[in-house]
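[1] Sharing a model that was predicted from the sequence below.
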Amino acid sequence: MTSEMATREVKLGTRTVQFPSGYLQELQDCNDKLNDVEALHKELHDKGYLFIRGLHDRGEVLAARLAVLQYLKDQGEGILHPSEPLEKGVLQQGCGVGCVPTMEGVPGITHQDPVKAVIEGSRPFSFFKKFFGKDVATLDYKWLRAVHTDAFTGVHVDNVYMSRGSKSLLTMWTPVGDISVEMGVLAMCEGSNRLPGFDHFQNTYGNLDAEEARLKGTGWFTTDPFEITDKFGGQWKTTDFKAGDVMIFGMRTAHMSTCNLTNLARISCDTRWQPSDEPTDSRYMEGKDGPELKFGLHAKDESSNVETTMESLRLRWGL
């Protein structure tokens, strides 16, 4: 299944681009390799990601989406449009920064049965067990989001946020519903995990521990995708995602999202997977203090007021 061939104008971070085009190309799935683990490992190494159509059950994903929308509705007025059917996920006009409640690491929604049936269901467990060739574990913290109009995620690599556990750790991005490029989908910089042009980028920014550095802000390297490809290489790719599709990638693959140009809540969830016999990053596992997990980047060190900015680090790195 592929997107329509007609060219559309979309936003990738802060850049307005044509899709598909030389700047932003169409992703190709690897479903033909699902029965060949060696081929999947090669695909992950060569491209930096695995794009799989229909890994989850579509009906289960749509049920999870409805549960998330009901949760948003229950949070109060001002989020979802009261005159529109709940299943459409239409946002109130003017619902922007601070309007949609945080759902990252909130077990009250991330561990609801319909949501958990997808993001911790038998299908991903089966896939990762086959991929790693052993039993697997997933981090307790779930990065569940509903992205509002005009929002996007800037360029980053996940190692910046979760480098203290298994070196085999993989991210699985699950679109919770059908998500077009105009709604805000994941875009991958193909080859950024291994191309020589990224060596300095990976040896500096890619090795950053955002919490240890007391990094102020998001941890994004930039909001301009072409700063990456112009300086280091690689190729930006994305597509229209359907409920059931997933993107799987390693901690060193640069990625970002397109901008949500619609009035619809773009719902997605990041989960992390690894062999169960390797150490986990304890910041994202339930501890003795209960299930409310704290994202490391927001941890406070009361003994110091010193914070580091990405701008100062980039100057230091010569990037």
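    Now that the structure is in, tell me what you want to look at. Because the structure is a prediction, the values reported are computed rather than measured. Numbering: from 1, shown residues only.
[2] which other residues reach the longest helix anywhere in the chain?
    In the chain, with assignment by DSSP state H, the single longest helix is helix 58-74. The contact list for helix 58-74 (C-beta atoms under 8 Å, 6 or more residues apart in numbering) reads 79-80, 86-87, 89, 100-101, 103, 108-109, 112, 114-115, 117-119, 121, 144, 146, 174-177, 242-244, 265, 267. Any C-beta I mention is one placed from the backbone N, CA and C, and that applies to glycine too.
[3] Try it again at 7 Å.
    Residues from elsewhere that reach helix 58-74, judged by C-beta atoms under 7 Å, 6 or more residues apart in numbering: 79-80, 86-87, 89, 100, 109, 112, 114-115, 117-118, 121, 146, 176-177, 243-244, 265, 267.
[4] Please pick the buried ones from these.
    For those, a burial check counting by 16 or more other C-beta atoms under 10 Å picks out 79-80, 89, 100, 109, 112, 114-115, 117-118, 121, 146, 176-177, 243-244, 265, 267.
[5] This structure: strands as residue ranges?
    Assigned by DSSP state E, the strands in the chain fall at 8-12, 15-19, 25-26, 49-52, 136-138, 143-147, 170-175, 186-190, 235-238, 246-250, 255-257, 266-275.
[6] Columns mean pLDDT and distance to residue 216 on top of those, output as JSON lines?
    Shown next, in JSON lines, are these (pLDDT from 0 to 100; distance: least, C-beta to C-beta, whole Å):
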{"stretch": "strand 8-12", "mean pLDDT": "98", "distance to residue 216": "25"}
{"stretch": "strand 15-19", "mean pLDDT": "98", "distance to residue 216": "24"}
{"stretch": "strand 25-26", "mean pLDDT": "98", "distance to residue 216": "34"}
{"stretch": "strand 49-52", "mean pLDDT": "98", "distance to residue 216": "29"}
{"stretch": "strand 136-138", "mean pLDDT": "97", "distance to residue 216": "29"}
{"stretch": "strand 143-147", "mean pLDDT": "96", "distance to residue 216": "20"}
{"stretch": "strand 170-175", "mean pLDDT": "98", "distance to residue 216": "24"}
{"stretch": "strand 186-190", "mean pLDDT": "98", "distance to residue 216": "24"}
{"stretch": "strand 235-238", "mean pLDDT": "98", "distance to residue 216": "27"}
{"stretch": "strand 246-250", "mean pLDDT": "98", "distance to residue 216": "26"}
{"stretch": "strand 255-257", "mean pLDDT": "98", "distance to residue 216": "20"}
{"stretch": "strand 266-275", "mean pLDDT": "98", "distance to residue 216": "22"}
